[in-house]
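Next input, structure requested:
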Amino acid sequence: MRVTENQLREIVRYEMEHERLDEGALDWLQGGLDIAGLVPGIGEAADGMNALISLGRKNPLEALLSGVSMIPVAGDAVGKGGKLVLKLLDPVMDMIKAGDKVADIVKKIGPEKIKNL
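Predicted coordinates for the structure are as follows:
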């Protein structure tokens, strides 16, 4: 069976869209926890929850920044500032992640079939 270029693109598009849909709700939750993290008294707990979610999502850098954010005042500046930088670099990260997805798809399809495109 030969896989066409359009079929390969559809597979990649499908995989990327489904990952985004699954991750979207957690992104919103973590954004809300970032905002709640600025509120004195409850902020530390929100930042701690955010760190745990980031660890569960295999985002150790974001988990570290959330952990740093638990430190009153200075931690918010460093942790939230670091997260802002990560958000600004998000398009670049999407490109890197897409490269990983393509590699996974190529492994599933098989290099021999990809060469026949």
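
Helices along this protein, start to end?
5-36, 43-56, 60-69, 74-88, 90-109, 111-115 (DSSP state H).

which stretch in those helices has the least confidence?
Here the lowest mean pLDDT among the helices of the chain goes to helix 111-115, at a mean of 66.

For residue 75, grab the count of nearby residues.
19 (other C-beta atoms under 10 Å). Backbone N, C-alpha and C define where each C-beta goes, glycine included.

pretty sure it contacts residue 69?
Yes - the criterion here is C-beta atoms under 8 Å, and residue 75 meets it with residue 69 at 5.0 Å.

joint contacts of these two?
Common contacts of residue 75 and residue 69 (C-beta atoms under 8 Å, 6 or more residues apart in numbering): residue 47.

Verify the stated contact: residue 49 with residue 33.
Yes - if you go by C-beta under 8 Å, residue 49 and residue 33 touch, sitting 5.8 Å apart.

Among the two, which residue is more densely surrounded?
Taking neighbours as other C-beta under 10 Å, residue 49 and residue 33 compare with residue 33 leading, 21 against 16.

Contact partners for the closest residue to that one other than its chain neighbours?
Leaving aside its chain neighbours, residue 33 sits nearest to residue 50 (4.1 Å; criterion: C-beta to C-beta, 6 or more residues apart in numbering). Going by C-beta under 8 Å, 6+ apart, residue 50 touches 30, 33, 34, 37, 62, 66, 69.

Residue 57: how many residues sit nearby?
Residues near residue 57, counting by other C-beta under 10 Å: 14.

And it, how close does it get to residue 9?
Separation of residue 57 from residue 9 (C-beta to C-beta, to the nearest Å) stands at 27 Å.

Identify, from the contacts of residue 50, the entry nearest to residue 91.
Nearest to residue 91 among the contacts of residue 50 is residue 62, at 16.5 Å by C-beta to C-beta.
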